[in-house]
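Asker: Return a 3D structure for these sequence lines:
(one chain, ligands or ions: 1)
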Amino acid sequence: MISEKMVQFDRDHIWHPYTSMTTPLAVYPVESAQGTTIRLTDGRELIDGMSSWWSTIHGYNHPRLNEAIRIQSEKMNHIMFGGLTHEPAILLSQLLIEITPEPLQHIFLADSGSISVEVAMKMALQYQFNQNKSEKCRFGALRKGYHGDTFGAMSVSDPETGMHSLFGNSVAKQLFLEAPSSKFGESLNDFDRTNLHDFFSRNSHELAAVIVEPIVQGAGGMRFYSAEYLIELRKLCSENDVLLIADEIATGFGRTGKLFACEHAGIVPDILCLGKALTGGQMTLAATLTTTEVARGICADGNVLMHGPTFMANPLACAVALESTRLLLESPWESRIIGISEILTESLAPARSISGVVDVRICGAIGVIETEVAVRMSELQPRFVDAGIWVRPFGKVIYIMPAFTIKEMALKLLCERLLTVLKTVKNYPDCPVEAGVSIRQTKAT
Ligand code: PMP
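Answerer: Here you go, the predicted structure:
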């Protein structure tokens, strides 16, 4: 049982994501989590609408995932990957290579999403360097994008929400495209087409790669964009000797209705980053996959890929990732996502008439309510908890992305309670952004 004193210790000493040590935000002590229910230490039960930042797609405490961890833990929890290998890493890599597009044949098992992005960026730079194109040493990225919190990943994330200004010249200056304005399900509009073409004609001589979150720009604003944008981008990358990195850390493993979001556009990236739902949200693990052409390019003339963290390919994480991916593939995941999508579409529709709501949009198992002005999280969060739901908004976005296993009743109840709270928020949406609470502190993931 967590005592009040322990919570006070947490408040005084422990950093939570994007928080301050002097004005901490409230945190709720969790006792346990089962399926799609989070149980707080005070006995309250919350329907989980976040799947722990896109990751726990099978829900919490799944017996098959627990068993995979148990069995592996009896053999070895960890072993260095330098000079040694193991079955979980090999079987997982085989499966990932099998389910991703055919040209992606080589894999690096990283220890978190941000690190897999760093590895992808290194792959692109080393590839271009070995092609005697050392001038191709910058990255193109989309405004409103998000790729992680390490320095390389931060440099290709939106400069404003990523607060590049806080870090001065330590963040590499990359080249940004306007965020796509062509909506998901629609054609590529002239504005985006012209932007893309102008961007490449101005910059491709110095671009090693362009990195995008396919279809869904997540933590930068939960924006869904046209598959045709990706088709055009793929074409321009190929024509201009620029690699395409697809960051599917958030979208991978079914979230958008396809196993990987690139499938909406039928494109194959040169480098693919996976994470989050890779382990069913049980442990930290990510992967960077690439083609034989890029792998050979990196390793030309006796060169090696310059990365190798201590915990890469951790056996426990690989074993649970293998089981989670098998579990997903054996499940009727496609029909589950369609079912979730339908419920979100129907249940969130009434939010359109709530004052201050400017958009309601759904893509796969993601439901988004966008407000005119940034929401006040310190006001909304306790109300959501009092209503028995776990939803964590950021900026102007209130969103739901549940586990794929959530029951129909629970999802409907979650949406109903969410809307009830939104309707009763006083002065909503005219509340100003809280002083001292930046977008970063309330970011999605
Ligand atoms: N890329 C995307 C698209 C993400 O959503 C995230 C996580 N929010 C990351 C990269 C970084 O992953 P991690 O938090 O595991 O470092």
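
Asker: buried stuff in stretch 332-344?
Answerer: Trp333, Arg336, Ile337, Gly339, Ile340, Ser341, Ile343, Leu344 (16 or more other Cβ atoms under 10 Å). Placement of C-beta: from N, CA and C, glycine included.

Asker: where exactly do the helices run in the stretch 151-300 of the chain?
Answerer: For the stretch 151-300 of the chain, helices defined by DSSP state H, counting those that start in this stretch occupy the ranges 151-155, 190-203, 227-239, 292-298.

Asker: which residues of the chain score low on pLDDT?
Answerer: Counting by pLDDT under 70, the ranges of the chain that qualify are 426-445.

Asker: And the residue of it closest to the ligand?
Answerer: Nearest residue of the chain to the ligand (Cβ to the nearest ligand atom) works out as Gly113 at 2.2 Å.

Asker: tell me the contacts of the closest residue to that residue other than its chain neighbours?
Answerer: With sequence-adjacent residues excluded and distances taken as Cβ to Cβ, 6 or more residues apart in numbering, Gly113 is closest to Gly275, at 3.5 Å. When the contact criterion is Cβ atoms under 8 Å, 6 or more residues apart in numbering, the partners of Gly275 are Ala110, Ser112, Gly113, Ser116, Ile249, Gly252, Leu285, Ala286, Ala287.

Asker: check which helix or strand covers the closest residue to Ser134 other than its chain neighbours.
Answerer: Leaving aside its chain neighbours, Ser134 sits nearest to Gln128 (7.1 Å; criterion: Cβ to Cβ, 6+ apart). Taking DSSP states H and E as the criterion, Gln128 maps to helix 113-130.

Asker: Strands of the stretch 201-350 of the chain, residue ranges please.
Answerer: Listed from the start of the chain, the stretch 201-350 of the chain has strands (DSSP state E, counting those that start in this stretch) covering 207-212, 216-217, 223-224, 243-247, 271-274, 286-291.

Asker: how about a markdown table for these, with mean neighbour count added?
Answerer: Supplementary listing: the strands of the stretch 201-350 of the chain in a markdown table, determined by neighbours: other Cβ atoms under 10 Å:
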| stretch | mean neighbour count |
| --- | --- |
| strand 207-212 | 27 |
| strand 216-217 | 24 |
| strand 223-224 | 22 |
| strand 243-247 | 29 |
| strand 271-274 | 29 |
| strand 286-291 | 26 |
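
Asker: can I get these in JSON lines with distance to the ligand?
Answerer: Converted to JSON lines, those look like this (distance: least, Cβ to the nearest ligand atom, whole Å):
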{"stretch": "strand 207-212", "distance to the ligand": "9"}
{"stretch": "strand 216-217", "distance to the ligand": "8"}
{"stretch": "strand 223-224", "distance to the ligand": "12"}
{"stretch": "strand 243-247", "distance to the ligand": "5"}
{"stretch": "strand 271-274", "distance to the ligand": "7"}
{"stretch": "strand 286-291", "distance to the ligand": "6"}
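
Asker: Make CSV from the ones you listed and add distance to Phe404 to it.
Answerer: Putting those into CSV (distance: least, Cβ to Cβ, whole Å) gives the following:
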stretch, distance to Phe404
strand 207-212, 24
strand 216-217, 16
strand 223-224, 18
strand 243-247, 21
strand 271-274, 17
strand 286-291, 20
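
Asker: first to last residue in stretch 246-258, what's the distance?
Answerer: Stretch 246-258 has its terminal residues 15 Å apart, counting by Cα to Cα, to the nearest Å.

Asker: tell me the contacts of Gly220?
Answerer: Contacts here follow Cβ under 8 Å, 6+ apart; on that basis Gly220 touches Arg143, Lys144, Gly145, Tyr146, Ser157, Asp158, Thr161, Ala179.

Asker: cool, Val360 as well?
Answerer: In this structure, Val360 makes contact with Leu348, Ala349, Ala351, Arg352, Gly367, Val368, Ile369, Glu370, judged by Cβ under 8 Å, 6+ apart.

Asker: And what about the third one, helix, strand or coil?
Answerer: The one in question is Ala351. Three-state assignment for Ala351 (DSSP: H, G, I helix; E, B strand; the rest coil): helix.

Asker: give me every residue that touches it.
Answerer: The contact partners of Ala351, by Cβ under 8 Å, 6+ apart, come to Val357, Val360, Ile369, Leu419, Leu422.

Asker: Without its sequence neighbours, what residue ends up closest to Leu328?
Answerer: Nearest residue to Leu328 in three dimensions, chain neighbours excluded: Phe253, at 6.0 Å (Cβ to Cβ, 6+ apart).

Asker: wouldn't the one you found be in contact with Leu259 here?
Answerer: Yes. Using Cβ atoms under 8 Å, Phe253 is in contact with Leu259, at 6.8 Å.

Asker: who's more crowded, those two?
Answerer: Just comparing Phe253 and Leu259: by other Cβ atoms under 10 Å the higher neighbour count belongs to Phe253, 25 against 20.

Asker: can you tell me the helix or strand for Leu419?
Answerer: In the assignment (DSSP H and E), Leu419 maps to helix 408-424.

Asker: So which residues on the protein come close to the ligand?
Answerer: Selection of the chain residues close to the ligand by Cβ under 6 Å from any ligand atom yields 112-114, 117, 146-148, 213, 218-219, 247, 249-250, 275, 445.

Asker: ok, now with 5 Å
Answerer: Taking Cβ under 5 Å from any ligand atom as the test, the list of the chain residues beside the ligand reads Ser112, Gly113, Ser114, His147, Gly148, Glu213, Gly218, Asp247, Ile249, Ala250, Gly275, Thr445.

Asker: sorry, back to before: so what touches the helix holding Gln128?
Answerer: Taking Cβ under 8 Å, 6+ apart as the criterion, the residues outside helix 113-130 that touch it are 108, 110, 134, 136-137, 139, 147-150, 152-153, 156, 208-209, 211, 243, 245, 247, 249, 270-271, 273-276, 286-288, 290, 294, 297-298, 300-301, 303, 305-307, 309.
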